[in-house]
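Visitor: Got a predicted structure plus its sequence, pasted below:
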Amino acid sequence: MFKNQGTMDVSVLPQVLQWKQGGAGVEDLEPEVRSPVDEVFDQFLKGNTIFKNRDVLRHDYVPEKLPHREEEIRTLASILAPALKGQKCSNVFIYGKTGTGKTAVARYVLDKLTAKARQIGAPVVACYINCRMAGTEYRILASLCEALGVKVPFTGLAKAEVLERFKKALIGREFVFIIMLDEVDVLVKAHGDALLYELTRLNPELKGSKICLIGISNDLTFKEHLDPRVLSSLSEEEMVFKPYNASQLRDILWDRAREAFVDGAVSEAVIGLCAALSAQEHGDARRALDLLRVAGEIAEREGARKVEVEHVRKAVKCIEYDRIVEAIRSLPLHAKLILLAVYEKTKKVSSVITGEIYAAYSAICSRMGLTPLTQRRISSIINELDMMGLLNAQLVNMGRYGRTKKIRLAVQRSIVREILTQEGLT
DNA sequence: CTTCCACAGGAACCAGCGGACC
DNA sequence: GGTCCGCTGGTTCCTGTGGAAG
């Protein structure tokens, strides 16, 4: 779906250019009449009075200093330190909600550790894998192999074969291999804990090399899905990251803002608002940084010399809008049709039940000459849409009248209509 | 107290695909 | 070129269930 969008943009561009070229007397007027595009570019070039370095506000940026996480850094570093002497270190499990600095701390410590190891010549190899990005057990194994310099094909091999190659790369080589699995809960929910089980019990086979696992999860209840044997060996050490409060968020934002913005471009009020809004949402630093960055971009686009509170308010709306647009556009066709069914069914009433949605969806399908999917599948898709925050599905019991889900749109109707119309579905 | 609705959601399975291996 | 592999996105079949109605 994103690909479609990309080609659309490109296809529009030549038309605009042709129109410009085809316009009467454009060449004569060229020196005086400036195209809107030029204006945008010029403003961008000369008007960069707000940002010094906007990349600092991206969440994949690992800063030199992580305020209010000194304690956690020290703890993790002391757990991993034995690796520098070639000794096995404890497996670690890190919990905490999104934007509490888990990934940043872990990557920070890992970076420092590998740098130190290189400096003193210790055989430490580290591998960071985001399980959500990797997606499957196979690709995680493939990434592990790659970290050891073993090439494996993109697909086609049996998992057992990849695991075998991975072991072979480690056996007898005296490595301390630190594997960091970010969002490990996603892996376990989708594919079970078989891979984790394999990894935790690999050590005795390796004759020399040692594996150390760092699992990171933002789902606190995730432990329940784990086999007790996996759990006990994986969580030899546990760390819990507490959410930031508003004043801590303010410190973090100031730290980054000083690098990201020119002097005087942001005020205490702006930072305070970003911090307060994000603190309301379980102290998510990632969201706070996004908010500040988008507010800055809006201010820049408006040609303002500094970021105002108003820009932050606009940023809140802008981020939400973008999230919804992106979510809906990237949906497969039948998921969009279900969204459409919910949209149409909730015109008069606030919520509808699964059966009604399915009937409406089937009607839409036959109108469009498509074969509808089964109700079982629709039930799953509704759950997916619920997880994405596009729908709100609540399990209800209506006694004699059965057990079903009450479904509402979880986002603004106008946005849903707008996007579905653009997609040619309404 | 029993019945029974209208599904939820788990489990097993399938087809088609891209790709590696021999 | 046949065989095997994993992944995606489905289907079919099935059991489970809270509480209003009778």
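Guide: Received the coordinates, thanks.
Visitor: Would you mind listing what in chain A touches DNA strand C?
Guide: Near DNA strand C, the residues belonging to chain A are A:135-139, A:155-160, A:191, A:332, A:334, A:373-374, A:376-377, A:380, A:397-403 when assessed by C-beta under 7 Å from any atom of the strand. Backbone N, C-alpha and C define where each C-beta goes, glycine included.
Visitor: same thing but at 6 Å, please
Guide: Along chain A, the residues adjacent to DNA strand C under the rule C-beta under 6 Å from any atom of the strand are A:135-138, A:156, A:158-159, A:332, A:334, A:373-374, A:376-377, A:397, A:399-400, A:402-403.
Visitor: same for DNA strand B: which of those residues are within range?
Guide: With C-beta under 6 Å from any atom of the strand as the criterion, the members of those in contact with DNA strand B are A:Gly156, A:Arg376, A:Arg400, A:Gly402, A:Arg403.
Visitor: quick one: pLDDT of the second one?
Guide: The score at A:Arg376 is 94. That number is its pLDDT.
Visitor: For the helix or strand in which it is found, give me every contacting residue.
Guide: Mapping A:Arg376 onto the secondary structure by DSSP states H and E places it in helix A:375-387. Under the criterion C-beta atoms under 8 Å, 6 or more residues apart in numbering, residues A:334-335, A:338-339, A:354, A:357-358, A:361, A:373, A:391-393, A:405, A:407, A:410 lie in contact with helix A:375-387.
Visitor: returning to that earlier point: list buried residues within the residues of chain A next to DNA strand C.
Guide: Members of those that pass the buried threshold by neighbour count (16 or more other C-beta atoms under 10 Å) are listed as A:Glu137, A:Tyr138, A:Lys159, A:His334, A:Leu373.
Visitor: neighbours around the closest residue to A:Tyr343 other than its chain neighbours, how many?
Guide: Nearest non-adjacent residue to A:Tyr343, counting by C-beta to C-beta, 6 or more residues apart in numbering: A:Val416, 5.3 Å away. A:Val416 sits with 22 neighbouring residues when counted by other C-beta atoms under 10 Å.
Visitor: In the host helix or strand of A:Val416, which residues are buried?
Guide: Assigned by DSSP H and E, A:Val416 belongs to helix A:413-422. For helix A:413-422, the neighbour count (16+ other C-beta under 10 Å) marks A:Val416, A:Glu418, A:Ile419, A:Leu420 as buried.
Visitor: for the spatially closest residue to A:Leu333 that is not a sequence neighbour, helix, strand, or coil?
Guide: Taking C-beta to C-beta, 6+ apart, and ignoring the residues beside it in sequence, A:Leu333 has A:Leu370 as its nearest neighbour in space, at 8.0 Å. Reduced to three states with DSSP: H, G, I helix; E, B strand; the rest coil, the structure at A:Leu370 is coil.
Visitor: Which positions in chain A make contact with DNA strand B?
Guide: Where proximity means C-beta under 6 Å from any atom of the strand, the interface of chain A facing DNA strand B comprises A:153-157, A:353-355, A:376, A:379, A:383, A:395, A:400-405.
Visitor: Put the buried members of these into a PyMOL selection.
Guide: Written as a PyMOL command, the selection of buried residues from the residues of chain A next to DNA strand B, which uses 16+ other C-beta under 10 Å, is:
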select buried, chain A and resi 157+353+354+404+405
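Visitor: Which of the residues of chain A next to DNA strand B fall in strands?
Guide: With strands identified by DSSP state E, the entries of those that belong to them are A:Ile353, A:Leu395, A:Arg403, A:Thr404, A:Lys405.
Visitor: Domain ranges for chain A, per the record?
Guide: Under the assignment automatic domain parsing, the domains of chain A span A:34-58+A:258-327, A:70-241, A:333-422.
Visitor: The second one spans what distance, first to last residue?
Guide: Domain A:70-241 has its terminal residues 12 Å apart, counting by C-alpha to C-alpha, to the nearest Å.
Visitor: Give me the distance from that domain to the chain's centre.
Guide: For domain A:70-241, the distance between its averaged C-alpha position and the chain's averaged C-alpha position is 20 Å (C-alpha atoms, centre = their mean, to the nearest Å).
Visitor: One more: the shortest one?
Guide: Relative to its chain's centre, domain A:333-422 lies at 25 Å (C-alpha atoms, centre = their mean).
Visitor: okay, the helix holding A:Arg376 in PDB with CA atoms only?
Guide: Below are the C-alpha coordinates for helix A:375-387, written out as PDB (Å, rounded to 0.1, in the frame of the first residue of the first chain):
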ATOM      1  CA  GLN A 375     -17.000 -14.900   9.500                       C
ATOM      2  CA  ARG A 376     -14.200 -16.600  11.400                       C
ATOM      3  CA  ARG A 377     -11.700 -14.600   9.400                       C
ATOM      4  CA  ILE A 378     -13.700 -11.400   9.700                       C
ATOM      5  CA  SER A 379     -13.600 -12.000  13.500                       C
ATOM      6  CA  SER A 380      -9.800 -12.000  13.400                       C
ATOM      7  CA  ILE A 381      -9.600  -9.000  11.200                       C
ATOM      8  CA  ILE A 382     -11.900  -7.100  13.600                       C
ATOM      9  CA  ASN A 383      -9.500  -8.000  16.400                       C
ATOM     10  CA  GLU A 384      -6.600  -6.700  14.300                       C
ATOM     11  CA  LEU A 385      -8.300  -3.500  13.600                       C
ATOM     12  CA  ASP A 386      -9.100  -3.200  17.300                       C
ATOM     13  CA  MET A 387      -5.400  -3.700  18.100                       C
END
